[in-house]
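> only geometry, no sequence info:
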């Protein structure tokens, strides 16, 4: 439940976010906040190595299952704006929802950027020197420059921000040895208490760190993405096991309380639905700073006495949460989701200099023009995105395939139409450590089983079995998805778009893809195919209607 107090505070923040004005808010408006209590927490999450301002289109659909249906964050677009009383067309409406994206992106400008985040962090700490900055993970991966440094540049970014703790997910795709090196170099603890050594069942990383803030002891417990070996290559981290581990978490919460913690925070990369269930089953957590599913909510969601705070992704937002503590417990809170409008916030000179230095060795490669788009390229959405449509088209052309499948990674900026596409734009959607393309023959039955398996990972009735992603992207293939149907019956009406004929269970189809999690998989990087496809001429993908949700699914 969202309290009346949260809505009032959110409304004030949204008014500062520009109301229905046709201009970004000012920096003073964005940072205006009525401080409360002794403890201030700042939260950023899922930065995905985005160092410079960018555009990011929020999803048009995010269906919830069971108790999650129709409640935040499973409301999008106009329904989301109405839920929180946000004026359509306002600056905050553009930040939080997809309607009129192209027009509003031109009006309000890009968002994020390390130098703007640094300005916000320093401004809050000037007022509240004890403010904790907690990073929700997926920070070291997602850009070409981060890939070239194997995450090292983002360790420098964490150092500049003076972060107090972080956790992880995509960080693990650099491999176990590299992760150990990066963690050793970090200026703050990497908290991941749900990662154990498989031989000894011992913690690989620290799980808890205590801080004294405003005369209050605050315990921060970290939780990495529990399904990393399923969603990403297991062979990169062969000796580590992951999971939710409720019992261990209960023990650590109890130990933190016994050690005198008046505030217990879970710095989580579980995903929102997992954290919502967790909050109802593990007592004693005051705040869950949730990440992984890239949700951005203008007010916390309360589960009992636990507040869930969702801060979006790509540096679009910084969350501020003030806590009032009396008698050893939290008795009040105040929250603001601060939208990082790059045209409104002055860049911090120190951070700007770091970004310039990190990008300088790659400047010519990043700026190389590889194509042009006539329509907006975007990624977020339950079923599809025009950037993934482009990638699928490139895969089918490169691999001479009838069907293409592209992993539904949520990271990657939106590219407004009518502009050149640079190599950096392509890499910002594909720069992973296992980018190789593949081609194989799959029967119609195998295709159906694959899609059903992904759908079950996303829409399982039990949140603990949801990996929190989007549906695998498909090129050359149409289907209907019913997220509320039983396992094995969620995907129907499979159609081969080339012929317009139904997919036949017994027939084999040429299928292309990329980012196989199998060890030894090899092939040219997918960005080569995208570059070649773009070289043919301007592209103008539009959202395809052949892949759609069953009517009434939302």
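Received it, and whenever you're ready, just let me know what you need. For clarity, every value in this text was computed on a predicted model and none was experimentally measured. Residues are numbered from 1 along each chain as shown.
> how far away is residue 111 from residue 72?
Going from residue 111 to residue 72 by Cβ to Cβ, to the nearest Å gives 20 Å. Every residue, glycine included, has its C-beta placed from N, CA and C.
> and the longest helix seen in the chain, which residues are buried?
Counting by DSSP state H, the longest helix found in the chain is helix 444-459. Using 16 or more other Cβ atoms under 10 Å as the test for burial, helix 444-459 gives 444, 447, 448, 451, 452, 454, 455, 456, 457, 458, 459.
> For residue 111 and residue 72, work out which one has more neighbours and name it.
residue 111 (29 against 24; other Cβ atoms under 10 Å).
> what's the neighbour count on the closest residue to that one other than its chain neighbours?
Nearest non-adjacent residue to residue 111, counting by Cβ to Cβ, 6 or more residues apart in numbering: residue 316, 4.7 Å away. Burial of residue 316, expressed as a neighbour count using other Cβ under 10 Å, amounts to 30.
> give the contact list for residue 316.
Residue 316 makes contact with 56, 95, 111, 112, 296, 339, 340 under the criterion Cβ atoms under 8 Å, 6 or more residues apart in numbering.
> rerun at 10 Å
The neighbours of residue 316, taking Cβ atoms under 10 Å, 6 or more residues apart in numbering as the test, are 44, 46-47, 50, 53-56, 58, 95-96, 110-112, 117, 294, 296, 337-342.
> Check the gap between it and residue 113 for me.
Taking Cβ to Cβ, one finds residue 316 at 10 Å from residue 113.
> Overlap in contacts, those two.
Common contact partners of residue 316 and residue 113 (Cβ under 10 Å, 6+ apart): 50, 53, 54, 340, 342.
> Which phi and psi values does the third one adopt?
What that stands for is residue 54. Dihedral pair for residue 54: phi -150, psi 170, per degrees, to the nearest 10.
> how close does the closest residue to it other than its chain neighbours get to residue 110?
In space, and not counting its chain neighbours, residue 54 is closest to residue 413: 3.7 Å by Cβ to Cβ, 6+ apart. Distance from residue 413 to residue 110, counting by Cβ to Cβ: 9 Å.
> And residue 17, what's its pLDDT?
On pLDDT, residue 17 comes in at 43.
> Name the helix or strand for the most centrally placed residue in the chain, please.
With distances taken as Cα atoms, centre = their mean, residue 294 lies nearest the centre of the chain, 3.3 Å away. Taking DSSP states H and E as the definition, residue 294 sits outside all helices and strands.
> quick one: the strands in the stretch 51-200 of the chain?
Under the criterion DSSP state E, counting those that start in this stretch, the stretch 51-200 of the chain contains strands at 132-135, 196-197.
> err, the stretch 451-554 of the chain, not the other one
Going by DSSP E, counting those that start in this stretch, the stretch 451-554 of the chain shows strands at 473-475, 477-481, 491-496, 501-502, 508-514, 547-549.
> Quick check: buried residues in the fifth one?
Of the residues in strand 508-514, those scored as buried under the neighbour-count criterion (16+ other Cβ under 10 Å) are 509, 510, 511, 512, 513, 514.
> Stretch 179-188 too?
Residues 179, 182, 183, 186, 188 are the ones in stretch 179-188 that count as buried (16+ other Cβ under 10 Å).
> Distance of the nearest residue to the second one once chain neighbours are set aside relative to residue 49?
In space, not counting the residues next to it along the chain, residue 182 is nearest to residue 151; the distance is 5.1 Å by Cβ to Cβ, 6+ apart. In this structure, residue 151 lies at 8 Å from residue 49, with Cβ to Cβ as the measure.
> what touches both of those two?
139, 140, 141, 170.
> Find the nearest non-adjacent residue to the last one, please.
Same thing as residue 170. Closest residue to residue 170 apart from its sequence neighbours, by Cβ to Cβ, 6+ apart: residue 141 at 4.0 Å.
> before we move on, what about residue 75?
Closest residue to residue 75 apart from its sequence neighbours, by Cβ to Cβ, 6+ apart: residue 83 at 5.5 Å.
> is it true that that neighbour touches residue 301?
No. Between residue 83 and residue 301 there is no contact under Cβ atoms under 10 Å: 11.5 Å.
> next helix or strand past the helix or strand where residue 211 lies?
Using DSSP H and E, residue 211 sits in strand 208-213. Next helix or strand after strand 208-213 toward the C-terminus (DSSP H and E): strand 216-223.
> can you give me the mean pLDDT across the very next helix or strand once past that next one?
Downstream of strand 216-223, the next assigned helix or strand under DSSP H and E is helix 228-231. Average pLDDT, helix 228-231: 94.
> Low-confidence stretches in this protein?
1-22 (pLDDT under 70).
> can you rerun that using 90?
1-24, 200-201, 380-382, 384, 408, 410, 467-469, 520-522, 542-545, 551-554 (pLDDT under 90).
> quick check: angle from the helix or strand containing residue 278 to strand 216-223?
Here residue 278, judged by DSSP H and E, is contained in helix 272-281. Relative orientation of helix 272-281 and strand 216-223, computed by axes from the mean of the first three to the mean of the last three Cα atoms, to 10 degrees: 130 degrees.
> elements contacting helix 272-281?
On a contact count with 3 or more Cβ pairs under 10 Å, 6 or more residues apart in numbering; DSSP states H and E, helix 272-281 meets strand 216-223, helix 246-258, strand 263-268, strand 287-290, strand 301-303, strand 306-310.
> Looking at the strands of the stretch 51-200 of the chain, which is nearest to residue 391?
Nearest to residue 391 among those is strand 132-135 (28.5 Å), distances taken as Cβ to Cβ.
> what distance separates that closest one from the middle of the whole chain?
Averaging C-alpha positions (Cα atoms, centre = their mean, to the nearest Å) puts strand 132-135 17 Å from its chain's average.
> Next, count neighbours for the residue nearest to residue 75.
There are 17 residues near residue 83, going by other Cβ under 10 Å.
> Report the separation between it and residue 551.
Shown here: residue 83 relative to residue 551, a distance of 22 Å by Cβ to Cβ.
> try residue 268
Per Cβ to Cβ, residue 268 is found 34 Å from residue 551.
> Same check on residue 522?
Residue 522 is 42 Å from residue 551, by Cβ to Cβ.
> Would you agree residue 443 is in contact with residue 505?
Yes. When contacts are counted by Cβ under 10 Å, residue 443 is listed as touching residue 505 (6.7 Å).
> Give me the neighbour count for the residue nearest to residue 54.
Look at residue 413: counted by other Cβ under 10 Å, it has 27 neighbours.
> Walk me through the domains of this protein.
Using automatic domain parsing, the domain ranges for the chain come out as 34-54+111-357, 368-549.
> could the ones you listed be laid out in a markdown table, adding distance to residue 100?
As requested, those are exported to a markdown table (distance: least, Cβ to Cβ, whole Å):
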| stretch | distance to residue 100 |
| --- | --- |
| domain 34-54+111-357 | 16 |
| domain 368-549 | 11 |
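> Pick the most buried one from these.
Highest mean neighbour count of the domains of the chain: domain 34-54+111-357, a mean of 21 (counted as mean count of other Cβ atoms under 10 Å).
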